[in-house]
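Chemist: Here is a sequence together with a model predicted from it:
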Amino acid sequence: TDGSSPTFDKGNGRSLCQVIFNVARFIYSIAILSLSTVILFAAIFTGQTHAAEKGIPNMATFFILMTFMVLLSILEGGQGCIIALQWVDDYKFADSHPKSLRCTSLAKRGDNLERFIVGRQFLVTMIIFMINYFCGSASVEDASVLGIPKIMNRLFLVNGLALAIFTIVCGQLTAQMNSVCCMLDFINTRFMIVATYVSIAIDYSGIFHSVYFVRMIYSKISGIPIESNERNPSLKKKILFCFQVFLSLALLSFSLVMTFSALFSNDTNAWDSLPPYGSIIVIAFCMSFAGIMDGTQVALFAVLGMPEDELLYHSNAHKNRDLILTECHMQAFLIGRQIIVTICTFIIARITSISATPDGEDNLFGAADAVQEILNTGILGAIITTTLGSLIWRIIASSFPVMFLSNPMIHGIIRACILFEKRGIGSSSLILARWHKFIASYQHDEVYVQGADE
């Protein structure tokens with residue numbers, strides 16, 4: 001109107017391009033999630049799943065899947081909340097969130113935080129294996145739904161991509177997005193209290209005490225002492241600990257022997273084109289990669305509330321935390337990490353899930369039919385994955401978070417997760433998280449904490 005020629009603001013131009021890019025990512029992510037959901041539900045209600053092969057009604061399979069999704073979301077979001085709230089004074093939310101206080105108080109008691117991490121991780125891994133066991137279609141010959149092209153059936157249905165995307169977005173990422181900023185509201189439920197007790201009880205059973213043995217070795221090699229909130233154990237407790245370590249190592253060895261035996265006898269759901277030695281290489285790679293990323297997440301949550309002066313002496317750890325906090329990359333990291341870890345877990349579940357027919361003749365090592373049916377659920381693969389592909393890394397990261405984040409590789413891994421998130425596969429979780437937050441009436445933690453301070 002003033003007669004001057006229009007100018008182009010490069011900053012606004014970049015902002016507009018970024019908005020367009022983000023909108024495109026959301027549309028792409030919602031489309032992928034919708035397609036995966038339709039294909040998965042079509043497979044369930046047309047009886048093209050493992051559960052249908054076992055005579056389980058289609059509607060029952062659907063409810064089994066939804067139950068596992070709810071349990072998975074509770075466990076996935078609850079872990080970060082309990083770890084991060086260790087740095088918050090209890091009095092700030094004791095009155096407003098009594099159930100959250102009960103969870104955090106239980107985790108603060110002695111070394112229960114480590115026990116919770118151990119037990120929770122097994123529950124998460126076992127749930128993913130059970131989802132694959134009931135709702136996967138790997139063993140369903142010529143599985144096909146909705147008349148879609150064969151290559152899409154192969155990719156989304158037979159190879160399990162639809163099931164993996166649905167699990168990642170609906171069962172994991174949505175909960176994690178809200179648990180980052182609404183920790184107090186998220187774990188203020190009876191379900192989280194039960195999950196905390198069950199997780200700690202699993203660790204007390206000694207099934208995964210081999211990870212503590214590895215941590216002791218790591219401590220000796222690195223020269224960094226293991227910090228404990230409990231008094232020196234008595235002789236009886238030391239003997240019990242040694243027995244539990246022996247039991248755990250024996251169980252892990254048994255799981256490895258049975259799984260590798262099934263691999264070399266072609267009694268697993270591994271791809272036909274993948275030879276046994278190739279399967280072992282894929283398993284080792286997926287476990288190592290997923291384990292490092294699991295440890296990175298635990299270590300980052302552990303240092304989020306750590307005083308600034310404590311991190312200044314560790315430049316790499318300080319740089320990694322600043323990358324997450326000051327550059328607002330927490331959500332991107334969580335999304336990218338979770339997608340990669342869960343895909344790795346589904347790959348491991350597919351390769352290690354035993355598929356021997358329990359007919360008394362072809363059972364592994366002559367096991368009874370009932371025992372063979374239990375082995376077919378993937379419990380052995382879950383034990384292996386939990387121990388070697390997650391817990392060892394998580395326990396080390398929990399015990400030595402600053403040292404773990406000081407590893408130069410971690411910065412590259414965080415960048416890789418952020419870069420992977422930019423592909424947009426999990427962006428729809430942000431939209432689902434907003435709806436979840438609205439329906440559940442979650443509020444940011446600052447609302448309660450600042451109110452308590454005033």
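Modeler: It's in. Numbering: from 1, shown residues only.

Chemist: F301: neighbouring residues, count only.
Modeler: Using other CB atoms under 10 Å, F301 has 24 neighbouring residues. C-beta coordinates here come from the backbone N, C-alpha and C atoms, glycine included.

Chemist: tell me the contacts of it?
Modeler: Neighbouring residues of F301 by CB atoms under 8 Å, 6 or more residues apart in numbering: 80, 83-84.

Chemist: and of these, the nearest to S234?
Modeler: When those are ranked by distance to S234 (CB to CB), I83 comes first, at 28.9 Å.

Chemist: Now the closest one: which helix or strand?
Modeler: I83 belongs to helix 58-84 when elements are defined using DSSP states H and E.

Chemist: for stretch 406-426, the distance to its chain's centre please.
Modeler: 16 Å (CA atoms, centre = their mean, to the nearest Å).

Chemist: what ranges do the helices span in the stretch 1-150 of the chain?
Modeler: In the stretch 1-150 of the chain, the helices defined using DSSP state H, counting those that start in this stretch lie at 10-45, 50-53, 58-84, 98-108, 112-135, 150-152.

Chemist: And the stretch 151-300 of the chain, by the same measure?
Modeler: 161-166, 174-181, 183-186, 190-204, 210-222, 235-264, 276-303.

Chemist: These: which one's closest to L430?
Modeler: helix 174-181 (6.1 Å).

Chemist: Report the angle between that closest one and helix 276-303.
Modeler: Angle, helix 174-181 to helix 276-303, by axes from the mean of the first three to the mean of the last three CA atoms, to 10 degrees: 30 degrees.

Chemist: And helix 174-181, how far out from the chain middle?
Modeler: 13 Å.

Chemist: what's the average pLDDT for that helix?
Modeler: On average, the pLDDT along helix 174-181 is 84.

Chemist: same thing with stretch 308-326?
Modeler: Stretch 308-326 comes out at a mean pLDDT of 75.

Chemist: export that stretch as CSV, just CAs?
Modeler: Listed next in CSV are the C-alpha coordinates belonging to stretch 308-326 (Å, rounded to 0.1, in the frame of the first residue of the first chain):
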residue,chain,number,x,y,z
GLU,A,308,25.0,-28.3,36.5
ASP,A,309,28.3,-28.2,38.5
GLU,A,310,28.5,-32.0,38.7
LEU,A,311,28.5,-32.3,35.0
LEU,A,312,31.0,-29.6,34.1
TYR,A,313,33.9,-31.9,34.9
HIS,A,314,32.6,-34.4,32.2
SER,A,315,32.5,-32.5,28.9
ASN,A,316,31.1,-35.3,26.7
ALA,A,317,28.3,-36.1,29.2
HIS,A,318,27.5,-32.4,29.5
LYS,A,319,27.5,-31.9,25.8
ASN,A,320,25.1,-34.9,25.3
ARG,A,321,22.7,-33.6,27.9
ASP,A,322,22.8,-30.1,26.4
LEU,A,323,22.0,-31.6,23.0
ILE,A,324,18.8,-33.1,24.5
LEU,A,325,17.8,-30.1,26.7
THR,A,326,19.0,-26.9,25.2
